[in-house]
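The following block contains a protein sequence and its predicted model.
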Amino acid sequence: MKKKYQFLSVVINLLGIALVPANLFWIYAPEYVTIIFAVLMLAAFILYIVKGNGKRRSKILLGVFTLLSASITLFGAYCNPYWNSIVFKGYFYSKDYNYVLTYEEAKEDLDYFMHYLEKDHPMFFEGMPKEVEEKYQQAVEELANANQINVTMLHQKMQNIASTLKDAHTYSHGYYEDVFYLKWIPSQREKGQRLIKVEGMELAQLLEQKSDLYCYELESWGIMRMKQDLSDPQGMYFLGMDLEKGVSYTFEDKEGNEETVLYTTEDFVTWEEYVAFNQIEDNESENEPFVYYTIDKEKNLAVLTLESCNYNKEYRNCLKELFTEVKAQKIENVAVDIRDNGGGNSLVVNEFMKYLDVDSYKTETSEWRLGFFNLTLGDGITENNKYSDLTFTGNLYCLTSQGSFSSAMMFAEYIKANRLGTLIGEAPGNTPTSYGDIAVFRMPNSGIYVQMSTKRFYQADTEETENIVAPDVFCESEDAMEKLIQIIAPTDGK
């Protein structure tokens, strides 16, 4: 009989601890559930003390275990930015963009969004900013007065709030089952055309008008996100544009010639129709490598193409093979192409640095929001564990675009901040002193997804006054490779 109270206490403690990994990978639960478990843990321990009549040593050990278990359980909910996040769970479709919600459902989703902003975002560590509170109250009032609320309207209200943060990593988005594509995109690319106006309005002007619908630090990134919405009907509806009547798009080619066309709903098709219309071979893109390299012996150049920042065995092996061949063939120029790389794991740049002839290098520092705490990370300098047998001492270049974002921006930043190479192209899409390292949440009624930053980053070069990673050689991103060849041309044939 005495043992059963001890057993009960241990089981409740283990169940409480198990809540944390269970929440990360499977279940959803409000944070207060962990308070209930913590109370049950203490109650079970007290019951053991009163009824169990155990030895003093057992009581001390179980007491320590109970306090530790309660602390882990509470910390796992209130100081864990991934509590109720879907980061490790997987995605499900959102409700259709015009699905109708009740006010109560919309308000619940809005409050769910605000709850995790306050809990996890570094900007809210000392309380809710006044502008955010005002936008929230405005959103609640507009939802309450709306004749009808649909998923898109709720999405807009969330963006009205998130846009005030000026944080490109924190925003809401739908993940819709029915996706449509503008069928003319391939032909526009073949003509070398780029979108410059919509309804006669320049994109920068349109972004300024719709700025409360987008989260960005640099205008270039905001325009790019808006252009994505301009390429599908859900995005057009989000922007408040009427495809039934038609929307005019103005394109410009390399010679400066403009062409204006009117697009309607008929111009947006399913993926299968898009592939058939443009006679595209629908290969499985997921089988294509995200990292690969080419070597041009004649130009004395090796180019590493990194399409996403995945830190894994494939990446590490690719780097090793690249620098092994660079050494064997005595290649003097290495370029890293991170144009349109949307980011991922920042460890990719640390791994790359190991092949460079530098003992240490400047890195970003950060503050990680852990609920009631802000944890400071890094001292701004990283010791470089070089691969001494494959150290590269030649010329390094980095090709960037407005679509180089997050960890890809950091890749370019470290090269520039440490004067290790030459940046060619356009400034990456976000700033080095900014927010990042996201947690992602799915709203319970609409299925809208919200990703939000959990860290505040500070740029590596503390002497740099401009909060941007500006290229050393500016050019349109599509011309960056050509510009690189021009730069290294004097070394050709060596």
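Sure thing, it's come through.

Thr265: how many residues sit nearby?
Neighbour count of Thr265, defined by other Cβ atoms under 10 Å: 13. For the C-beta atoms, the positions are set from N, CA and C on the backbone; glycine is no exception.

quick one: it from Leu182, how far?
As judged by Cβ to Cβ, to the nearest Å, Thr265 and Leu182 stand 11 Å apart.

Check Lys386 too.
Computed with Cβ to Cβ, the distance linking Lys386 and Leu182 is 48 Å.

Of these two, which one has the most company?
Shown here are Lys386 and Leu182; by other Cβ under 10 Å, Leu182 has more neighbours (18 against 15).

phi, psi of the nearest residue to the more buried one once chain neighbours are set aside?
Take Leu182 and drop its neighbours on the chain: the residue closest to it by Cβ to Cβ, 6 or more residues apart in numbering is Ser231, 4.9 Å away. Phi and psi for Ser231, reported as degrees, to the nearest 10, are phi -100, psi 0.

Could I get the pLDDT score of Ser231?
Per-residue confidence (pLDDT) for Ser231: 94.

residue contacts, it?
Contact partners of Ser231, counting by Cβ atoms under 8 Å, 6 or more residues apart in numbering, are 181-182, 185.

Same check on Asn395?
Per Cβ under 8 Å, 6+ apart, neighbours of Asn395: 332-334, 421-422, 488, 491.

Which pair of the residues you listed spans the longest distance?
Gly421 and Thr491 (14.8 Å; Cβ to Cβ).

Looking at the two now, which is surrounded by more residues?
Gly421 (20 against 14).

Next, give phi and psi for the residue nearest to Phe405 when sequence neighbours are not counted.
Take Phe405 and drop its neighbours on the chain: the residue closest to it by Cβ to Cβ, 6+ apart is Gly429, 4.4 Å away. Note on Gly429: its backbone torsions stand at phi -80, psi -10 [degrees, to the nearest 10].

Could you measure from Gly429 over to Asn147?
Relative to Asn147, and taking Cβ to Cβ, Gly429 is found at 38 Å.

How about Ile72?
Distance of Ile72 to Asn147, computed by Cβ to Cβ: 48 Å.

which stretches of the stretch 151-300 of the chain form helices?
151-162, 185-190, 203-209, 219-229, 233-238, 271-277 (DSSP state H, counting those that start in this stretch).

Apologies, that question was intended for the stretch 301-450 of the chain.
Counting by DSSP H, counting those that start in this stretch, the helices of the stretch 301-450 of the chain are 313-329, 347-353, 407-417.

so what secondary structure elements neighbour the second one?
Packed against helix 347-353, as judged by 3 or more Cβ pairs under 8 Å, 6 or more residues apart in numbering; DSSP states H and E, are the following elements: helix 313-329, helix 407-417.

what sits up against it?
306, 309-311, 315-316, 319, 336, 361, 382, 384, 407, 410-411, 414.

Check the average confidence over that helix, would you?
Mean predicted confidence for helix 347-353 is 97.

my guess is Asp357 contacts Lys386, does it?
Yes - the criterion here is Cβ atoms under 8 Å, and Asp357 meets it with Lys386 at 7.4 Å.

so which of the helices and strands packed on helix 347-353 comes closest to Asp212?
Evaluated over the helices and strands packed on helix 347-353, closeness to Asp212 peaks at helix 407-417, with 24.3 Å, by Cβ to Cβ.

Which strands and helices lie in contact with the closest one?
When contacts are defined as 3+ Cβ pairs under 8 Å, 6+ apart, helix 407-417 sits against helix 347-353, strand 360-362, strand 395-400, strand 422-425.

what does the last one contact?
I take that to be strand 422-425. So strand 422-425 is in contact with 339, 395-401, 412, 415-416, 469-477, 480, 483-484, 487, going by Cβ under 8 Å, 6+ apart.

and with 6 Å instead?
With Cβ atoms under 6 Å, 6 or more residues apart in numbering as the test, strand 422-425 has contacts from 397-401, 412, 416, 471-473, 477, 480, 483-484.

Which member of the residues you listed is positioned nearest Asn84?
Nearest to Asn84 among these, with distances taken as Cβ to Cβ, is Ala412, at 33.8 Å.

Who are the contact partners of that closest one?
By Cβ under 6 Å, 6+ apart, the contact list for Ala412 reads 398, 400, 423, 428, 469.

and with 8 Å instead?
Residues near Ala412 by Cβ under 8 Å, 6+ apart: 338, 398, 400, 404, 423, 428, 469.

Please apply the same query to Asn150.
Contacts of Asn150 (Cβ under 8 Å, 6+ apart): 97-101.

Identify all residues paired with it through a beta bridge.
For Asn150, the beta-bridge partners under DSSP bridges are Val100.

how much space between it and Gln451?
22 Å.

Low-confidence stretches in the stretch 1-150 of the chain?
For the stretch 1-150 of the chain, the stretches flagged by pLDDT under 70 are 1-2, 52-54.

Give me the contact list for the helix or strand hosting Phe457.
Applying DSSP states H and E as the criterion places Phe457 in strand 449-458. By Cβ under 8 Å, 6+ apart, the list of residues contacting strand 449-458 from outside reads 81, 86, 91, 94, 113, 116-117, 120-123, 158, 162, 167, 169-175, 364-369, 377, 432-443.

and those residues, which are buried?
Burial by neighbour count, 16 or more other Cβ atoms under 10 Å: within the contacts of strand 449-458 this picks out 81, 86, 94, 113, 116-117, 120-123, 158, 162, 167, 169-174, 364-367, 369, 432-443.
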